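>>> Just the structure for this:
(chains A, B, C, D, E and F)
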4 protein chains.
Amino acid sequence: MAYFVIDESRLYLDERLMMEEKLGTSKRERILSAAISVLAERGFHRTKIKDIAQEAGVADGTIYLYFKNKDHLLIDLFEEVMSRALNLFEEALKDKERADQQLEAFLLTHLRIVELEPEVAQIISVVLRQSETFIGEYKNPFFSEYLNIIAKILKQGMETGVFRADISIPIISRAIFGAMDELALAWLLSNKREDEVLEMAAQDVVTLLLDGLQIQSSE
Amino acid sequence: MAYFVIDESRLYLDERLMMEEKLGTSKRERILSAAISVLAERGFHRTKIKDIAQEAGVADGTIYLYFKNKDHLLIDLFEEVMSRALNLFEEALKDKERADQQLEAFLLTHLRIVELEPEVAQIISVVLRQSETFIGEYKNPFFSEYLNIIAKILKQGMETGVFRADISIPIISRAIFGAMDELALAWLLSNKREDEVLEMAAQDVVTLLLDGLQIQSSE
Amino acid sequence: MAYFVIDESRLYLDERLMMEEKLGTSKRERILSAAISVLAERGFHRTKIKDIAQEAGVADGTIYLYFKNKDHLLIDLFEEVMSRALNLFEEALKDKERADQQLEAFLLTHLRIVELEPEVAQIISVVLRQSETFIGEYKNPFFSEYLNIIAKILKQGMETGVFRADISIPIISRAIFGAMDELALAWLLSNKREDEVLEMAAQDVVTLLLDGLQIQSSE
Amino acid sequence: MAYFVIDESRLYLDERLMMEEKLGTSKRERILSAAISVLAERGFHRTKIKDIAQEAGVADGTIYLYFKNKDHLLIDLFEEVMSRALNLFEEALKDKERADQQLEAFLLTHLRIVELEPEVAQIISVVLRQSETFIGEYKNPFFSEYLNIIAKILKQGMETGVFRADISIPIISRAIFGAMDELALAWLLSNKREDEVLEMAAQDVVTLLLDGLQIQSSE
DNA sequence: CATGAATGAGGATTCATTCAT
DNA sequence: CATGAATGAATCCTCATTCAT
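Below you'll find the predicted structure:
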C-alpha cells in the first residue's frame, strides 16, 4: 500500500533539483552568488541576511543551513572566490618560464580579474575589511596563498639570476600586493568609468617593478 | 580700585583652561584621543559610544556636543590626524632637494609614523574602511592630499631628470601608497612584534622603487 | 491511499488558527487589544513598546512585524476601531426613518459605545491627540466619516421638513461632534464613576438639539 | 574706596531692565510669549526647551528660574492665558442683562479670541492635551472657570424664565464648551483660511442653542 | 539672576538567529 | 531540507534638567 503514497517532500526535492540543474546552480551557489551581488553593492553592514535571501530566492533560515553565520558566509565566500582566482593565476602562469614573464602575467591577470568580476573585486578590496570578525580571524592566512605565488616567482627569479637578490621576498611580495590592490580599489571606487586605464596601469607598474627588480650593475 | 577687581568668570575660565592644558587636553581632544585608542583596538562597529565616553571620562551625551554622530566622529578624527601627518611629511621633506631623496624621506616618514602612532595607523589602515558612511562620503578626497605629495615628488623628479618620465604619475602614486599602506597593515596585524622590520621594509621598497624609477639606459 | 495522507503543514496551520480562534485573537489582534488597554491607561508617550509587547505576550520586535512603528500602531488602531464604531452606528440607524429619530439614536449610540468600551473612547478622545504624527497625518480625514453620518441625518431632516434649513450643516455637524466628545471626555476623566449620568447627558443634549433644530414658527 | 568699584552685575541688571522696559516685557513674559509661539507651531513634544530659550533670547537654564519644568511651563502658560481670556469674557458680558444676550456675547467672544490669538487657541485646543502630565494633574479644574461662566448664564436664564429648566446645567455647559472648542479646532487645523466662517459658525450655533434653550410651549 | 556645558537616563527600532512546522 | 514568523539583545542618540561659574 505504501507504494502509492506520494512522498511529497521527495517530489518537491526532485522538482527543485531539476530546477536547479536547469539553472545550473545548487542552492548554496545561488546564495553565494546573491551574496556577492548584494555585498558588493551595499557593503557588509548594510547588507541584511534578508536581502541576500531575497536575491537568492530562498528563505532567510535557509542561509543558515549552508553557512554558520553572516561572518562565516563572508569567509566561505572569500575562500570560494580566492580558490577560483588562484586557478586563474595558475592557468596564466603555467606556460611562462622566466620569472619576469611570470610576474608580468600575474599582475595582468590580477587586474583582468578585477575588470571581469568587479563585484568579486569589490568584496575582496572593500567588503572583507568591513567585517571585524574577518579581519580578526584571518590575520595570518589573510592572502597568504596570493602572497605565496608572488613570493615563489620572486624566489625563482632570484635563483635564476633574473631578479636581484638583495631585497626581502616577503616584504616585496606584500608591497606588490598592496600596490595592485590599491589600483584595483581606485578603479572600483571611480565607478569603473576609465575602462582601459586598468590595463595601462598594469603596464606602468610592471615596467617599474621589472626595472626595479633588475640586477643593478653599477651602484 | 576697579583695576584690581577680579573678574571671576574669567578666572574660572583660566583655571579650567590651565587644568586642561596641564592634562594637555581640551574636552574635544580627550574624546578624540579616547576614540583613537578604543577604535584601534576594537574596530568601528565593535566600539560603542559608551566605550569612548568612558575612556574619555565624559558622559555619552557629551560626545554629541563635539561631534555630529559616530560616523562623523570618525571623519573628524581622520581629518585631524591626516593634517598632523601632512605636517610631519612637510617637515621631513623641507630640506631635501633631489626628488629621490625626497621620496626616500617620504616613505621612511610614513613608516615611522606608523611605528610611533600605531593606533592612528590602525585607524587609517583598518577602521576607516569599516564605516560605510566614511567610504561613501570620502570617495573622492580619500587620501588625495597624501597622493598629491607623492605626485609632486614624482613630477619634480621627472622634470629634473632624476626619474624616468615614461610612466603615469597618478598610477604610480597610487601604487606606492598601496604598497606602503599594505606594509603598515601587515605590521599592525602581526601585533607589531617585529619592530625593526618596518624600517627595513622601507629600505627594500625604497631600493626597489628608486631603481625602478631610474632612467633606464639600454632597453 | 494518497487521499488519506494528511498534509501536515496544513494541519499545523489549522491548529494554530484554531488555537487563536479559541482565544479569539490572531497575534495582530492580541497586540491591538493590548495596545488599547495600555494606551488608554498611560497615554501615548508614557506607553512604551515594551509595555504593549508584555501585555500582548509577544516580543518587542513582533510588534514591528504587524505595524510600521509606534505612531502607525496608533493610526491602524484608530482605523480598526473607527470602522467598528461606524458599523454600530449603521446598525443603530437602519430601522429609523425620521431624521430626528436617527439623530437621537446616533447620539445615544455614541455614548453607549463610550460606556461599553471606555478604553477605546479614551484613546479616541485623549490618546490620539497626543501623537503629533497622528494629528499631522490625519488633519483632513480626521473624523470625517463620523461627521458624514451626522451631516447626512441633518440633510435628510432638512429635506423632509423635520429640521430647520437655515443653518450650516458642516458647522452644526462639527458642533454636535464636539459636544458629544466633550461629554465623553468629561465622563472618562471623572473615572467613570457617575455611570448613569452619561445616558442622562444624552437625553438632555438630544432634547436641546431637537428643539433647537425644530422649524421655528414665529421669530 | 568701595564707592568706585563698579558693580558690573548691577550695571548689567539696569541695562537689562531698561531694555526690558523698552520692550515692555519682563524675562518671564518673554519666555511665555516665546513658548506660545513655538508650542503652537510644533506641539508639545516636538518643542524643545532650547527652542523656547532661543526664541526668547535667553539661556536654557534661565527658563528653570521661572518655571518648575517643561510641563509646568505649560500649566503656568495655561493659567496666564486663561485668566486673560476670563477678563475678556467678563468685559463682554458686563453690560448684557438678559441671559440669552449673555450667552450670545459669550460664544461670540470665544470665537473672536480664537481669531485674534490663534496661537493661544492652538495651545488650548491642541497642545495642552498632548501633555500627559497636564491631562493628569488638571483633571478636575480643567476648564472649570470657563464652564462656570456658562453655568452661571444658564442658571440665571432659567431663574428669569428665559431658558427652559428641564435640563442639566453642568451637562449643557460642557456640551456647549465642546461644541465651541471643536469649531475652533476645525478652524485652526484648516490653516485658518476661511476667515469669516468662524463668525458665521458662531451665529448658527447661537441660533440653534437659543432656540433649543427656549421654553417649549407645546410638547 | 543668568548662563550653557555637561549630564545620563531612557526607548524605539533593527536584524541576526532560531526553531516549530 | 526549507520555511519565515518570532525572538530579544543591543545601542545610538535625544533632550530635560542641573550646577559650577
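
>>> pLDDT of stretch A:119-128, averaged?
Averaging pLDDT along stretch A:119-128 gives 92.

>>> Please identify the buried residues of the helix ranked longest in chain A?
Counting by DSSP state H, the longest helix found in chain A is helix A:70-93. Residues of helix A:70-93 classed as buried by neighbour count (16 or more other C-beta atoms under 10 Å in any protein chain shown): A:70-71, A:73-78, A:81, A:85, A:89, A:92-93. To be clear about C-beta, it is placed using only N, CA and C from the backbone, and glycine gets the same treatment.

>>> same deal with stretch A:32-49?
By neighbour count on 16+ other C-beta under 10 Å, the buried set for stretch A:32-49 is A:32-40, A:43-45, A:47, A:49.

>>> Stretch A:57-75 close to chain B?
No. Stretch A:57-75 lies out of reach of chain B by C-beta under 8 Å from any C-beta of the partner chain, never closer than 11.4 Å.

>>> gap between the two ends of that stretch?
Criterion C-alpha to C-alpha, to the nearest Å; first-to-last residue distance in stretch A:57-75 is 21 Å.

>>> where does chain A dip in pLDDT?
Along chain A, the model assigns pLDDT under 70 to residues A:1-24, A:139-142, A:192-197, A:216-219.

>>> mind checking which helix or strand A:Thr25 is in?
In this structure, A:Thr25 sits in neither a helix nor a strand according to DSSP states H and E.

>>> out of the buried residues of stretch A:32-49, who's nearest DNA strand F?
Closest approach to DNA strand F among the buried residues of stretch A:32-49 (C-beta to the nearest atom of the strand): A:Ile49, at 8.9 Å.

>>> if we look at DNA strand E, which of the buried residues of helix A:70-93 are close to it?
A:Lys70, A:Asp71 (C-beta under 7 Å from any atom of the strand).

>>> Let me know the closest of the buried residues of helix A:70-93 to chain C.
When the buried residues of helix A:70-93 are ranked by distance to chain C (C-beta to the nearest C-beta), A:Lys70 comes first, at 17.8 Å.

>>> Do a quick rundown of the helices in chain A.
Remark: helices assigned in chain A by DSSP H are A:8-23, A:27-42, A:49-56, A:60-66, A:70-93, A:99-116, A:118-125, A:132-137, A:144-159, A:169-189, A:197-213.

>>> re the thing from before, could I get the buried residues of stretch A:32-49 as TSV with distance to chain D?
TSV is the format used below for the buried residues of stretch A:32-49 (distance: C-beta to the nearest C-beta, whole Å):
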residue	distance to chain D
A:Leu32	47
A:Ser33	47
A:Ala34	42
A:Ala35	42
A:Ile36	44
A:Ser37	41
A:Val38	37
A:Leu39	39
A:Ala40	40
A:Gly43	33
A:Phe44	36
A:His45	31
A:Thr47	34
A:Ile49	35
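
>>> Farthest-apart pair in those, please.
Within these, two members stand farthest from each other by C-beta to C-beta: A:Ser33 and A:His45, at 20.6 Å.

>>> how about the residues of chain A near DNA strand F?
A:Ser9, A:Arg16, A:Lys27, A:Val58, A:Ala59, A:Asp60, A:Gly61, A:Thr62, A:Tyr64, A:Leu65, A:Tyr66.

>>> Just the buried ones out of those residues, please.
Buried among those by 16+ other C-beta under 10 Å: A:Lys27, A:Val58, A:Thr62, A:Tyr66.

>>> Identify the farthest-apart pair in the residues you listed.
Maximum pairwise distance among those (C-beta to C-beta): 9.2 Å, between A:Val58 and A:Tyr66.

>>> shared neighbours of these two, anything?
Residues touching both A:Val58 and A:Tyr66 (C-beta atoms under 8 Å, 6 or more residues apart in numbering or on different chains): A:Lys27, A:Ile31.

>>> show me what contacts the nearest residue to A:Ser168 once chain neighbours are set aside?
With sequence-adjacent residues excluded and distances taken as C-beta to C-beta, 6 or more residues apart in numbering or on different chains, A:Ser168 is closest to B:Asp204, at 5.2 Å. Applying C-beta under 8 Å, 6+ apart to B:Asp204 gives the contacts A:Ile167, A:Ser168, A:Ile171, A:Ile172, A:Ala175.

>>> now A:Lys96
Under the criterion of C-beta under 8 Å, 6+ apart, the neighbours of A:Lys96 are A:Gln102, A:Ala105.

>>> Equivalent analysis for the one 4 residues further on, please.
Under the criterion of C-beta under 8 Å, 6+ apart, the neighbours of A:Asp100 are A:Gly157, A:Val162, A:Phe163, A:Leu210, A:Leu213.

>>> Can you give me the neighbour number for A:Asp166?
11 (other C-beta atoms under 10 Å in any protein chain shown).

>>> backbone phi and psi for it, please?
phi -90, psi 20 (degrees, to the nearest 10).

>>> quick revisit: distance to B:Ser131 for the buried residues of stretch A:32-49 - can I get that in CSV?
Putting these into CSV (distance: C-beta to C-beta, whole Å) gives the following:
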residue, distance to B:Ser131
A:Leu32, 26
A:Ser33, 27
A:Ala34, 24
A:Ala35, 21
A:Ile36, 22
A:Ser37, 22
A:Val38, 19
A:Leu39, 16
A:Ala40, 17
A:Gly43, 9
A:Phe44, 11
A:His45, 9
A:Thr47, 15
A:Ile49, 21
